[in-house]
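Undergrad: heads up, no residue letters with this:
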């Protein structure tokens, strides 16, 4: 027995699939930044021009075991302090990466931290807002109590004065090193949520619920640098040239700093015990970004106060900004735990993504980059070397029905000796779970490898990036993935005729050639022979301008029908129309291979009677002959009547002035209306004796008005249900 050669396997594979699936292949292509961002990244970055690359290493430094890290600050020795919730704990991480609980304050949320020139740590808290000063032994003492609910931000000037941003009254306090505080600026907003210094010693402040970026002079005089259309200026930073960067949030529904009643404590929502004055009713504060969704804008304000939007998003939130010495701006975001890198040329790269939901703080000390997270509260270091391994998992593709997978192909930029590895898995649930198949692969041929995953409705692919062994300080294009495509074929499903409409008798459809083709160009020749063979997306180009709907005109005896049909595979359809009379058993064909969804019968050619039509839809143009599927739908009965209604008088001539009796009848249709006129005068309407004109035979009695002596003519006009008209007259003699 001869062995099957490898070159024949793809051919036989396609033959087998053709016996099960429709012939029009589809292709799922991922090639843009937005498309790649729909997947899950671990150790993988997404560049602004839509490439997947190996990310810088992102290694855990400390785990606080707390839910949230709201604040972080570095002291002059490189020790990192973390303010957490909901236990009011402050952690310290030294330069060697050793961490411990450094202090604990009375308030559950530590929202702000700052260090003065003497290396003393200050902590701002809520919801009973106080500022604590913590000595080198980790002992906290109340430094300032402004009797506000929340301390959102702290900033310390060169004289060690502490500036305290509060809410919900939107006041900034200036507190001397001795703890004496006064109102520095009282805003018209509800919260001051962020503080920073510009290069001239002015205080920069971000507000909520109206998102204002303020510059406040040392004397307390405010100036609005920018009035954002969003709701909150969440973070501010300044580069060495004096350019100001600000992150604004919006679209958060209930404002994130508003105190609202709480029914329960959930992950991702900061729940605190009530302030002393509110212990009788449970309250919750929702800290910025713990809600899903939201809008984000990152602004750059130069020395001339010109505002430029560097980055915007409708489904991200920002918590912190850090500008590096080379001008690169890092943005800490949620709710997918991502750090964005915006280059001086305005290129935005998704640098890293972690399992924690929010990156809440970014800090740098002598070239070392730290990132604090929430859900759960940890600290990571962003290295200047690449990750040892990167894994990218695509979103799940829904083929809409059972599908067969064809090939997976990918394009690499600067492929390395050890390339990326691609895998696939499939299943019949919209979320990849334990019922899905195991990962199949790795696939080896970038130009197209046959997918080994079984037939299913859903498929997902992943890429594994090998270690590069080279610096990632400048983003590397080695093994950069530009594109991944998956081809598939849906199982062929029968088309459906969803409705048939019977139009009024006499309505005929007339099709006029389109005038939207000024060059008179007919692709495929006079008959358009190959048009149905080319891909639908190409075929549809210009379709709106070259398709003219039919006109509906009146033609005596015409009977038109139209129908609606659909095909889940989006196959091209052709239609056949059949008819039979009521009481008959055999269908007769009227037309076949119709591409339009309407048809007009020539009713004059049919005997009077009741009929039904059948429309059969076929997907023959898109499938092999032995795999063609059809479906049909039968209309309601309709009447064809070519004979005019007739009148039968009770007597050949009338002898007035008594009532005139007559019968009106039709062969197939029903009586619609009877009208009469005496001596050519105005027509009147006459109801039958039973009061309703709805049968094929109706009896009428007409009481004539007083007529003068002599001869008179009574004319009767009968209109049936399909519009046929019959008339007759009766001479009436009055003595």
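TA: Cool, got the structure. Here the structure is a predicted model, which is why all the values come from computation and not from measurement.

Undergrad: okay, CA-based contacts and neighbour counts for the rest of this
TA: Will do.

Undergrad: Quick check: phi and psi on residue 605?
TA: Phi and psi for residue 605, reported as degrees, to the nearest 10, are phi -90, psi 0.

Undergrad: do you know how far the spatially closest residue to residue 246 that is not a sequence neighbour is from residue 329?
TA: In space, and not counting its chain neighbours, residue 246 is closest to residue 236: 4.5 Å by CA to CA, 6 or more residues apart in numbering. Going from residue 236 to residue 329 by CA to CA, to the nearest Å gives 11 Å.

Undergrad: the strands in the stretch 551-700 of the chain, which residues?
TA: Along the stretch 551-700 of the chain, counting by DSSP state E, counting those that start in this stretch, strands occupy 551-554, 558-566, 574-581, 588-594, 598-602, 609-618, 630-634, 638-640, 646-649, 654-655, 660-665, 671-678, 684-686, 697-702.

Undergrad: which stretch in those strands is the model least sure about?
TA: Looking over the strands of the stretch 551-700 of the chain, mean pLDDT reaches its minimum on strand 654-655, with a mean of 56.

Undergrad: And the pLDDT for residue 219?
TA: 95.

Undergrad: meant to ask about residue 603, not that
TA: Residue 603 carries a pLDDT score of 85 in this model.

Undergrad: Which residue, other than its chain neighbours, is closest to it?
TA: Closest to residue 603 by CA to CA, 6+ apart is residue 557, at 4.7 Å.

Undergrad: Can you report how many residues lie near the one you found?
TA: 22 (other CA atoms under 10 Å).

Undergrad: do residue 37 as well
TA: 18.

Undergrad: Also residue 349?
TA: 21.

Undergrad: Quick check: buried residues in the helix or strand where it lies?
TA: Per DSSP states H and E, residue 349 falls inside strand 348-353. For strand 348-353, burial by neighbour count (16 or more other CA atoms under 10 Å) applies to 348-353.

Undergrad: and residue 121, how many neighbours?
TA: 21.

Undergrad: now do the one 4 residues further on
TA: Using other CA under 10 Å, residue 125 is surrounded by 29 other residues.

Undergrad: what is it paired to in the beta sheet?
TA: Residue 125 has these beta-bridge partners by DSSP bridges: residue 110.

Undergrad: That one: what's it in contact with?
TA: Residue 125 makes contact with 107-112, 131, 150-152, according to CA atoms under 8 Å, 6 or more residues apart in numbering.

Undergrad: can you give me the strands in the stretch 1-150 of the chain?
TA: So, for the stretch 1-150 of the chain - with DSSP E, counting those that start in this stretch - the strands run 26-30, 40-42, 44-46, 52-54, 56-63, 68-74, 80-85, 89-93, 99-104, 109-115, 121-126, 129-134, 140-148, 150-156.

Undergrad: How about residues contacting the third one?
TA: For strand 44-46, contacts defined as CA under 8 Å, 6+ apart pick out 33, 36-37, 52-55, 349-353, 390-392.

Undergrad: picking that back up, isn't the residue nearest to residue 603 right up against residue 607?
TA: No - the criterion here is CA atoms under 8 Å, and residue 557 misses it with residue 607 at 11.3 Å.

Undergrad: Quick check: residue 580 vs residue 606, distance?
TA: For residue 580, the distance to residue 606 - CA to CA - is 11 Å.

Undergrad: The two - which one has more neighbours?
TA: Applying other CA under 10 Å to residue 580 and residue 606 shows that residue 580 carries more neighbours, namely 17 against 13.

Undergrad: Tell me what that one is bridged to.
TA: Counting by DSSP bridges, the residues bridging with residue 580 are residue 612.

Undergrad: List the buried residues for the helix or strand residue 310 falls within?
TA: Using DSSP H and E, the element containing residue 310 is strand 307-313. Buried residues in strand 307-313, counted by 16+ other CA under 10 Å: 310-312.

Undergrad: do the same with stretch 33-52
TA: Applying 16+ other CA under 10 Å to stretch 33-52 flags 33, 36-37, 40-48, 50-52 as buried.

Undergrad: Show me the shaky parts of the stretch 151-300 of the chain.
TA: 252-294 (pLDDT under 70).

Undergrad: since we're on residue 184, how many residues are nearby?
TA: The burial count for residue 184: 19, using other CA under 10 Å.

Undergrad: again with residue 457
TA: Burial of residue 457 is recorded as 21 neighbouring residues (other CA under 10 Å).

Undergrad: Contact partners for it?
TA: Applying CA under 8 Å, 6+ apart, we find residue 457 in contact with 398-403, 426-429.

Undergrad: Provide a list of residues in contact with residue 246.
TA: By CA under 8 Å, 6+ apart, the neighbours of residue 246 are 213, 233-237, 298-300, 321.

Undergrad: Next, count neighbours for residue 682.
TA: 9.

Undergrad: same deal with residue 218?
TA: Residue 218: 13 neighbours (other CA under 10 Å).

Undergrad: Also residue 381?
TA: Using other CA under 10 Å, residue 381 is surrounded by 21 other residues.

Undergrad: I figured it hits residue 370, correct?
TA: Yes - using CA under 8 Å, residue 381 is in contact with residue 370, at 4.6 Å.

Undergrad: where exactly do the helices run in this protein?
TA: 9-18, 33-36, 536-539, 543-546 (DSSP state H).

Undergrad: Any idea which of those helices has the lowest pLDDT on average?
TA: helix 9-18 (a mean of 39).

Undergrad: thinking again about what came up before, quick one, which of the strands of the stretch 551-700 of the chain is nearest to residue 185?
TA: Shortest distance between residue 185 and the strands of the stretch 551-700 of the chain, using CA to CA, is found for strand 558-566: 66.1 Å.

Undergrad: Paired strands for that closest one, with orientation please.
TA: Strand pairing for strand 558-566, using DSSP bridges, gives strand 496-502 (antiparallel), strand 598-602 (antiparallel).

Undergrad: Same list as before, those strands that is, but in TSV and with mean neighbour count included.
TA: Shown next, in TSV, are the strands paired with strand 558-566 (neighbours: other CA atoms under 10 Å):
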stretch	mean neighbour count
strand 496-502	16
strand 598-602	18
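
Undergrad: got those strands as a markdown table, with distance to residue 616 columns?
TA: As requested, those are exported to a markdown table (distance: least, CA to CA, whole Å):
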| stretch | distance to residue 616 |
| --- | --- |
| strand 496-502 | 7 |
| strand 598-602 | 12 |
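
Undergrad: of those strands, which approaches residue 460 most closely?
TA: In terms of CA to CA, the element of the strands paired with strand 558-566 nearest to residue 460 is strand 496-502, at 30.2 Å.
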